[in-house]
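Trainee: Give me a 3D structure for the following:
(3 chains)
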Amino acid sequence: MNKQSNTYTIVYITILVIVVGTALAWVATALKPEQSRNANADKMKQILSSVHAPLGDNKQITDLFEKNITGIVINQNGDIQQNEDAFDINVANQIKLNADERKLPVYIYNDDNVGKKYIIPLYGQGLWGSIWGYLALNSDGSTIYGAYFSHQGETPGLGAEIEKSEFQKRFDGKQLFKDSQFRPITVVKAGQHPAGDEDYVDGISGGTITSKGVASMLKNGLLPYKQFLQNLSNN
Amino acid sequence: MENLNLFIRSIFIDNMIFAYFLGMCSFLAVSKNVKTALGLGIAVTFMLVITLPINYLLETYILKAGALAWLGEEYANIDISFLSLIMFIAVIASMTQLVEMAVEKYSPSLYASLGIFLPLIAVNCAILGGSLFMQQRDFGSVWTAICAGGGWVLGWLLAIVAIAAIRERVTSYSNVPKPLRGIGITFIITALMGIAFMSFLGIKF
Amino acid sequence: MAEKVSNKKVLFNPLSKDNPVIVQILGICSALAVTAKLEPAIVMGLSVIAVLALANVILSLIRNTIPTNIRIIVQLVVVAGLVVIVNQLLLAYAYNVSKQLSVFIGLIITNCILMGRLEAFAMSNKPWPSFLDGIGNGLGYTIILIIVAFFRELLGCGTLLGIQVIPECFYQHGYQNNGLMILPPMALIVVACIIWVQHSFNKDLQE
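Mentor: Got it, this is the predicted structure:
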């Protein structure tokens, strides 16, 4: 057979593509359940980290999450949306929509020892890529109970420090409301103060742009929840 | 404005060579003198600017989870994102072949100067890297993708031409320790340039 | 007997004298960015060994059927297929590492070691030597990654594989982690140092 002919080439590449395509499709389908289990467990782990819950392996995390956390979805006015699953909502996509179209997930953590906590997911941009986090609030809708941040590829040792508990601990106990005015917490350069009277934490030295990213993520991420949090603090 | 910022950023901060080391292989192979470096740089620029938008459209309308929704409701749940790698490389490889043929036919003089670099490009990490970063960052529109791609590739061009120029001088005028000659000293030069480029961190309009 | 010796050479030469990274200058692209920590470097190395060995065997098996004018595309398709499989496996069984490696697993496709070895060796050799060649070159690549990552993580973070190895009392006496080591350019400097040492011992490699 002439190996240089066009027919041979076309038949050859067709067979190759079919073989490779089938193999890939099979592998992808076979591994899909395990992959989505991992991805879900990872998300649950991050949410649970924000309320300082004890973490274990994937199974323990999933159990703990399903036992203690319920999700609700609200809109900008603080009304609960029915027929939506908070866990399935991709915050990164919602942030691109107009504020009044966004679906806003809230996770409610119920634990007999520490009481009810409201967890708000956040998403923003750091220096190199996206950053995200979860902010857990007490049932007064103002006091921060815990925070969790993570990132895609911030500079190790500098911006990447936002995922360390030393940074995240700085948020504990801070307030989102000042004299019943909504003043979302911000991040400033160590030693400086914000212009307004809002609560603040020190940023990471050497990680200025990432710290600024966290600050604007908090501001943009919390603002749509204003009404919801206001309702909480009024109750 | 945002796109302009992204463009500048992609040239200086997210520099393909100094921040991600992408496209180093072909870069080390040709950066011995400025002229060949420029030739390769232009060829890579050309290919990246063509392939990135194509891959962006493929990703947004075909490959991404739920991207097939425009075909109808029943297609909305299809997720063939596992094919994205193979699609990207197929686009790059076939575009390289096509461009090579087209350039050869319509502009023999351009082919004579770029021709030898074109086959190298299919396996240039900077081009596939561009597509993969595009996928990871989830750009909002095709224009954003083009701006970022243009920036990355100009940064790459800048880097290889600058280093080729330094290398030309170093090999002819400097007394480099013997074991470091050639590749070793090039690595060190690239590293120092990388550190210098870090001072661009945070520039913005 | 003669073949055995050559097989051994095929396997062990790439570890030092014919090392793909520091002598043949291949595959630096996707490599250095993952060497800030030891763990991703090891996983990356293992992935490259697996892909390289398998791709070498597959292409060596079908080498006589490939039409020459689409040679490169066939190689790319096979390699890309293998890389996707590795990527899917990592997502399923090593999720955290795969998150750290992000796009760099995909970039194995354009790792010049792969195309270089496929063209130079697998297209003209039998499957078994090709397999050994793949393992050998993969190992040579992994060794460099591990050395670089070892120094960067040790000096940059004071840890190895995430475990603190520099004792706390060092820090109390004023020792500081060298933050520069984790920044990208230092990977190049460390590789340059490895090249320096290796070329000093192998005089015939010097230019």
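
Trainee: host element of the most centrally placed residue in chain C?
Mentor: Centroid check for chain C by C-alpha atoms, centre = their mean gives residue C:141 as the closest residue, at 3.2 Å. Secondary structure assignment for residue C:141, by DSSP states H and E: helix C:127-157.

Trainee: Do any residues in stretch C:79-97 lie close to chain A?
Mentor: Yes: with C-beta under 8 Å from any C-beta of the partner chain as the criterion, chain A is reached by stretch C:79-97 at C:80, C:81, C:84, C:85, C:88, C:89, C:91, C:92, C:93, C:95, C:96. For glycine as for every other residue, the C-beta is placed from the backbone atoms N, C-alpha and C.

Trainee: can you give me the strands in chain C?
Mentor: Taking DSSP state E as the test, the strands found in chain C are C:159-160, C:163-164.

Trainee: got the contact list for the first one?
Mentor: Strand C:159-160 has contacts (C-beta atoms under 8 Å, 6 or more residues apart in numbering or on different chains) with C:38, C:150, C:153, C:154, C:165, C:166.

Trainee: In PyMOL, how would I select the buried members of these?
Mentor: Remark: buried members of those, expressed as a PyMOL selection using 16 or more other C-beta atoms under 10 Å in any protein chain shown:
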select buried, chain C and resi 38+150+153+154
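
Trainee: Which members of the contacts of strand C:159-160 additionally contact chain B?
Mentor: Okay, of these, nothing touches chain B (C-beta under 8 Å from any C-beta).

Trainee: From residue C:88, how far off is the residue in chain B that chain A sits nearest to?
Mentor: For chain B and chain A, the shortest gap (C-beta to the nearest C-beta) falls at residue B:82, measuring 4.0 Å. From residue B:82 over to residue C:88 the distance is 6 Å, taken as C-beta to C-beta, to the nearest Å.

Trainee: go on, residue C:8?
Mentor: As defined by C-beta to C-beta, residue C:8 lies at a distance of 34 Å from residue C:88.

Trainee: who's more crowded, these two?
Mentor: Between residue C:8 and residue C:88, counted using other C-beta atoms under 10 Å in any protein chain shown, the more crowded position is residue C:88 (21 against 12).

Trainee: Tell me which residues touch the more buried one, please.
Mentor: A:27, A:28, A:31, A:35, B:82.

Trainee: Can you show me the helices along chain C?
Mentor: Assigned helices in chain C, in chain order: C:2-12, C:38-61, C:71-93, C:95-101, C:103-106, C:112-120, C:127-157, C:168-172, C:184-201 (criterion: DSSP state H).

Trainee: what angle sits between the second one and helix C:112-120?
Mentor: Same thing as helix C:38-61. Calculated by axes from the mean of the first three to the mean of the last three C-alpha atoms, to 10 degrees, helix C:38-61 forms an angle of 20 degrees with helix C:112-120.

Trainee: Now do helix C:38-61 and helix C:71-93, the angle between them.
Mentor: For helix C:38-61 against helix C:71-93, the angle by the same axes, to 10 degrees is 140 degrees.

Trainee: Next, see if helix C:38-61 gets close to chain A.
Mentor: No: for helix C:38-61, no contact with chain A is found by C-beta under 8 Å from any C-beta; the gap never falls below 10.4 Å.

Trainee: again, but for the shortest one
Mentor: No: under the criterion of C-beta under 8 Å from any C-beta, chain A is not reached by helix C:103-106; the shortest gap measures 9.4 Å.

Trainee: Please enumerate residues in contact with that helix?
Mentor: B:85, B:128-129, B:132-133, B:135-136, C:30, C:33-34, C:44, C:47, C:83, C:86-87, C:90, C:98.

Trainee: one more time with 10 Å, if that's ok
Mentor: By C-beta atoms under 10 Å, 6 or more residues apart in numbering or on different chains, the residues outside helix C:103-106 that reach it are A:153, B:20-22, B:84-86, B:88-89, B:125, B:128-129, B:131-136, C:29-34, C:40, C:43-44, C:47-48, C:51, C:80, C:83-84, C:86-87, C:90-91, C:97-98, C:111.

Trainee: Would you mind listing which of these are buried?
Mentor: Buried subset of the contacts of helix C:103-106 (neighbour count, 16+ other C-beta under 10 Å): A:153, B:20-22, B:84-86, B:88-89, B:125, B:128-129, B:131-135, C:29-34, C:40, C:43-44, C:47-48, C:51, C:80, C:83-84, C:86-87, C:90-91, C:97-98, C:111.

Trainee: Neighbours of the residue in chain A positioned nearest to chain B, how many?
Mentor: When scored by C-beta to the nearest C-beta, chain A has residue A:28 as its residue closest to chain B, at 4.0 Å. By other C-beta under 10 Å, 21 other residues sit near residue A:28.

Trainee: what residues are up against it?
Mentor: A:35, B:79, B:80, B:81, B:82, B:83, C:84, C:85, C:87, C:88, C:91, C:92.

Trainee: what is the mean pLDDT for the helix ranked longest in chain A?
Mentor: Secondary structure of chain A per DSSP H: the longest helix is helix A:6-49. For helix A:6-49, mean pLDDT rounds to 85.

Trainee: go on, stretch A:118-128?
Mentor: Taken as a whole, stretch A:118-128 has an average pLDDT of 84.

Trainee: Might you quantify the distance of that stretch from its chain's geometric centre?
Mentor: 5 Å (C-alpha atoms, centre = their mean, to the nearest Å).

Trainee: where are the low-confidence patches of chain A?
Mentor: Along chain A, the model assigns pLDDT under 70 to residues A:1-3, A:156-157.

Trainee: Return the residues of it in contact with chain B.
Mentor: A:17, A:20-21, A:24-25, A:27-29, A:31-32, A:35, A:90, A:92-93, A:96, A:125, A:127-130, A:152-153, A:155, A:208-209, A:212 (C-beta under 10 Å from any C-beta of the partner chain).

Trainee: try 7 Å
Mentor: For chain A, the contact set with chain B under C-beta under 7 Å from any C-beta of the partner chain comprises A:24, A:28, A:92, A:96, A:129, A:209.

Trainee: Show me which of those are buried.
Mentor: The neighbour count (16+ other C-beta under 10 Å) marks A:24, A:28, A:129, A:209 as buried among the residues of chain A next to chain B.

Trainee: how far away is the second one from residue A:20?
Mentor: Note on residue A:28: its distance to residue A:20, by C-beta to C-beta, is 12 Å.

Trainee: Tell me if I'm right that residue B:193 and residue B:15 touch.
Mentor: No: Residue B:193 is beyond contact range of residue B:15, at 9.3 Å (criterion: C-beta atoms under 7 Å).

Trainee: Comparing the two, which shows the higher neighbour count?
Mentor: Neighbours were counted for residue B:193 and for residue B:15 using other C-beta under 10 Å; residue B:15 has more, 26 against 19.

Trainee: Which positions in chain C make contact with chain A?
Mentor: C:36, C:67-70, C:74, C:77, C:81, C:84-85, C:88-89, C:91-92, C:95, C:102, C:156-157, C:179, C:182-183.

Trainee: Of those, just the buried ones, PyMOL syntax please.
Mentor: The command below creates a PyMOL selection of those among these that count as buried (16+ other C-beta under 10 Å):
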select buried, chain C and resi 36+67+70+74+77+81+84+85+88+89+91+92+95+102+156+157+179+182+183
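
Trainee: so what pLDDT did the nearest residue to residue C:197 once chain neighbours are set aside get?
Mentor: Among residues not flanking residue C:197 along the chain, residue B:179 sits closest, at 7.8 Å (C-beta to C-beta, 6 or more residues apart in numbering or on different chains). Per-residue confidence (pLDDT) for residue B:179: 77.

Trainee: Please tell me I have it right and residue B:179 contacts residue C:203.
Mentor: No: if you go by C-beta under 7 Å, residue B:179 and residue C:203 don't touch, sitting 8.7 Å apart.

Trainee: Comparing those two, which shows the higher neighbour count?
Mentor: A direct count of neighbours by other C-beta under 10 Å for residue B:179 and residue C:203 places residue B:179 higher, at 20 against 9.
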